[in-house]
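Participant: Please work out how this folds:
(2 chains)
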Amino acid sequence: MNSNGVSLWPELWQALGETLQMAVAALAIGGLAGLVLGIALYVTRAGNILANRPVFLVLNVLVNIVRPIPFIIFITAVRPLTQALTSASYGVEAAIPALAIMATFATSRIVEQNLVALDPGVVEAARAMGAGPLRIIVTVIVPETLGPLILGFTFLFVGIVDMTAVAGAIGAGGLGDFAIVYGYQRFNDVVTWTAVAVIVIMVQLAQFLGNFLARRVLRR
Amino acid sequence: MTAMVSLRDVSKVFEGSSGPVRAVDGVTLDIERGDVFGVIGYSGAGKSTLVRLINALETPTSGQVVVDGTDLTGLKERGLRPARAGIGFIFQQFNLLRSRTVAANVAYPLRVAKWPRDKRRARVAELLEFVGLTDKAKQYPDQLSGGQKQRVGIARALATSPALLLADEATSALDPETTKDVLDLLRRINDELGVTIVVITHEMSVVSYLCNRVAVMEHGKVVESGDVYDVFARPQQAVTRRFIGAALHDRPRPDIVERLRARHPGRIVTVAVQEVPGVPGVSITERLAAHGVEGTVVYGGITEVGARPLGSLTFALTGTDAAVEALLADLRQHTEVVDHTEVAA
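Facilitator: Here you go, the predicted model:
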């Protein structure tokens, strides 16, 4: 895998490192914030432990507004925020806030969907035993849905890797950037497909890890 | 002593999509300490809502709920939590935490009540011993049978030594054999621990096996209540008769009477079998002989309710008209008699 007689492997490894850096940071920040937002959506629903129609409506509309924005537009639209937060306007660091915000909103829906599938009976049982809302969230709702949640986060990781490639296109580096600069723009399909292969392997490993953890949690 | 549970004109209205629904409608009820109190009704009668009003999972739209001397009606959510913790609740679908072991499930209410770890352990061991699941402590709910799951649910409900235990269709998801085990366990809890139990059910067999008092619910109202035997021996409401008929199958339906009449000569007569305390029983066969009437049992059923017999027998009676009339008049002084010939004529 060469370009003009120069090996591109060092660049590829660096790009992989950048992608991982972005994806892991976005998953960590967005995953946590999205978990909180998803739980908030779930518990404020009508009939649930902290049912609150105004709060639910505001959160719901917020998620519905942000989520459909195409990421390539979103990342440019939040540039002022990015600069304020990171004082950088390009590079890995600059891409992370936009990735994390988008990941938060994407996670919140995945979390909410998994929580809605929880049997309301176990929540009622905890209430009947005198448990308060916070305790129910921490000791019942999250542990009882942990298996599906892990699979949800795995799914999300794949989506984030996709977003990092988009971020790469506007200067964040990473495998997407690598594939475009060395593959697409230089008509070098070997480079493009090598980048694709690396992404596929990375995603496969993430999926494998996610499945493994979920199986352990579900004892299957 | 005050009643364990005292409901005064309690109503609960839910806002349904097609207008308000009165799930519980003006219920006044006292459940005494030591009672095993059955609440029987068809689905939608409001019994699940009623039991959730007793442990404050629902708050009444109007009326007053007093449990163990505490008026729940005036309390806010935060104040209701300790009240709920003091009332055991067991569920039709068990509602165990699948992510926790049997021991951890039983320990859960103790954690909520902030018991220290060593006391918690000792109490869990004691409870698992009581329900006979000591060897399952480290297993997960998914590895248990339905009956075992319900016993875990019962151990969990008893963890904080509540004086009141509510059972919402606790045996409805179980097979008949397991149902009996669970009912026996509930009876032991009442006998040995003195816990007052409220049993919600749609099966008369559960009430007649377990309860000393019963309330029959229909359309959110308690239509009949009292001593189990009195209610079932002399039902005042059609819905009560339906429950008894469904459990006992003792009285012939009109089409069965037709077939009996075609098959047997003589008058088809149903005689109720019941026991009134303090009144000596009457032998039907002795009465038959005394009046010179021949009788063949052609239909019927007798069961035990509260350890007393209840049911009816249907006879084909042959003899002179006068003798049969005299016999019926005699029996009517002691029990309920239905002459199907009269009904047809």
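
Participant: what's the burial count for A:T76?
Facilitator: 11 (other CB atoms under 10 Å in any protein chain shown). Using the backbone N, CA and C atoms, a C-beta is placed for each residue, glycine as well.

Participant: List the residues that contact it.
Facilitator: A:I170 (CB atoms under 8 Å, 6 or more residues apart in numbering or on different chains).

Participant: pLDDT score for it?
Facilitator: pLDDT for A:T76: 87.

Participant: Helix or strand: which one has it?
Facilitator: helix A:71-77 (DSSP states H and E).

Participant: Relative to chain A, how far out is the nearest residue to B:V5 once chain neighbours are set aside?
Facilitator: Leaving aside its sequence neighbours, B:V5 sits nearest to B:I31 (CB to CB, 6 or more residues apart in numbering or on different chains; 3.9 Å). B:I31 sits at a distance of 18 Å from chain A (criterion: CB to the nearest CB, to the nearest Å).

Participant: and if you look at B:D321?
Facilitator: In terms of CB to the nearest CB, B:D321 sits 63 Å off from chain A.

Participant: Same question for B:R121.
Facilitator: 18 Å.

Participant: burial of that residue, as a residue count?
Facilitator: B:R121 has 14 nearby residues by other CB under 10 Å.

Participant: Let me know the secondary structure of it.
Facilitator: The three-state assignment at B:R121 reads helix, by DSSP: H, G, I helix; E, B strand; the rest coil.

Participant: so who does it touch?
Facilitator: Here B:R121 is in contact with B:A107 (CB under 8 Å, 6+ apart).

Participant: Backbone dihedrals for the residue of chain A found nearest chain B, please?
Facilitator: Chain B sits closest to A:G130 of chain A, with a gap of 2.9 Å, by CB to the nearest CB. Here is the backbone geometry of A:G130 (degrees, to the nearest 10): phi 90, psi 10.

Participant: Tell me how many other residues crowd the closest residue to it other than its chain neighbours.
Facilitator: Closest residue in space to A:G130, ignoring its immediate chain neighbours: B:A85 at 2.9 Å, by CB to CB, 6+ apart. B:A85 has 19 neighbouring residues, counting by other CB under 10 Å.

Participant: and chain A, which of its residues are near chain B?
Facilitator: A:119, A:121-122, A:124-132, A:135, A:139-140, A:143-144, A:146, A:217, A:219 (CB under 8 Å from any CB of the partner chain).

Participant: Just the pLDDT at the residue in the stretch 101-250 of chain B that chain A sits nearest to, thanks.
Facilitator: Nearest residue of the stretch 101-250 of chain B to chain A (CB to the nearest CB) works out as B:P109 at 4.1 Å. Note for B:P109: predicted pLDDT of 96.

Participant: do A:L146 as well
Facilitator: So A:L146 comes in at 95 (pLDDT).

Participant: thought it was touching B:R98?
Facilitator: No - with contact defined as CB atoms under 8 Å, A:L146 and B:R98 do not form a contacting pair (10.3 Å).

Participant: tell me which parts of chain B are close to chain A?
Facilitator: Going by CB under 8 Å from any CB, the residues of chain B near chain A are B:55, B:57, B:78, B:81-87, B:89, B:91, B:93, B:95-100, B:108-109, B:111-113, B:140, B:142, B:156.

Participant: rerun at 7 Å
Facilitator: B:55, B:57, B:81-82, B:84-85, B:89, B:91, B:93, B:95, B:97-99, B:108-109, B:112, B:140 (CB under 7 Å from any CB of the partner chain).

Participant: In helices only, show me those residues.
Facilitator: Those of the residues of chain B next to chain A mapping onto helices are B:R81, B:P82, B:R84, B:A85, B:Y108, B:P109, B:V112, per DSSP state H.

Participant: Please enumerate the strands of chain A.
Facilitator: A:2-3, A:6-7 (DSSP state E).

Participant: For B:V305, which residues are in contact?
Facilitator: B:V305 is in contact with B:S208, B:V228, B:Y229, B:F232, counting by CB atoms under 7 Å, 6 or more residues apart in numbering or on different chains.

Participant: ok, and the most crowded of those residues?
Facilitator: B:F232 (29 neighbours).

Participant: what about it, which SS state?
Facilitator: helix.

Participant: Could you double-check that it sits in contact with B:R308?
Facilitator: No - the pair B:F232 / B:R308 is not scored as a contact, 9.8 Å apart, by CB atoms under 7 Å.

Participant: related to what we said a few turns ago, the residue nearest to B:V5 against B:V199, yeah?
Facilitator: No - using CB under 7 Å, B:I31 is not in contact with B:V199; the gap is 10.9 Å.

Participant: between the two, who's got more neighbours?
Facilitator: More crowded of B:I31 and B:V199, by other CB under 10 Å: B:V199, with 28 against 22.

Participant: Checking my notes, the more buried one in a strand, right?
Facilitator: Yes - counting by three-state DSSP, B:V199 is part of a strand.

Participant: Name the residues linked to it by a beta bridge.
Facilitator: B:G38, B:A167 (DSSP bridges).

Participant: I'd say it and B:S208 touch.
Facilitator: No - counting by CB under 7 Å, B:V199 sits too far from B:S208 to count as a contact (11.3 Å).

Participant: Using just helix, strand and coil, how would you label B:E177?
Facilitator: B:E177 is classified as helix under three-state DSSP.

Participant: circling back: quick one, which of the residues of chain A next to chain B are buried?
Facilitator: A:122, A:124-131, A:135, A:139-140, A:144, A:146, A:217 (16 or more other CB atoms under 10 Å in any protein chain shown).

Participant: now, the most widely separated pair of the residues you listed?
Facilitator: The largest distance within those, taken as CB to CB, falls between A:G130 and A:V217 and amounts to 26.9 Å.

Participant: residue closest to the middle of chain B?
Facilitator: Note on chain B: the residue nearest the mean C-alpha position is B:V207, at 2.6 Å, using CA atoms, centre = their mean.

Participant: And chain B, split by domain according to the record?
Facilitator: Chain B breaks down into these domains under automatic domain parsing: B:5-246, B:249-344.

Participant: for these, which one sits closest to A:L81?
Facilitator: Going by CB to CB, the one of the domains of chain B nearest A:L81 is domain B:5-246, 38.1 Å.

Participant: That closest one: end-to-end distance?
Facilitator: 29 Å (CA to CA, to the nearest Å).

Participant: Name the nearest residue to the residue of the stretch 101-250 of chain B closest to chain A, sequence neighbours excluded.
Facilitator: Nearest non-adjacent residue to B:P109 (CB to CB, 6+ apart): A:M129, at 4.1 Å.

Participant: and if you look at B:L133?
Facilitator: The nearest residue in space to B:L133 (CB to CB, 6+ apart) is B:R151, at 5.7 Å.

Participant: Make sure I have this right: the one you found is in a helix.
Facilitator: Yes - B:R151: assigned to a helix according to three-state DSSP.

Participant: Tell me the pLDDT of it.
Facilitator: For B:R151, the model assigns a pLDDT of 96.
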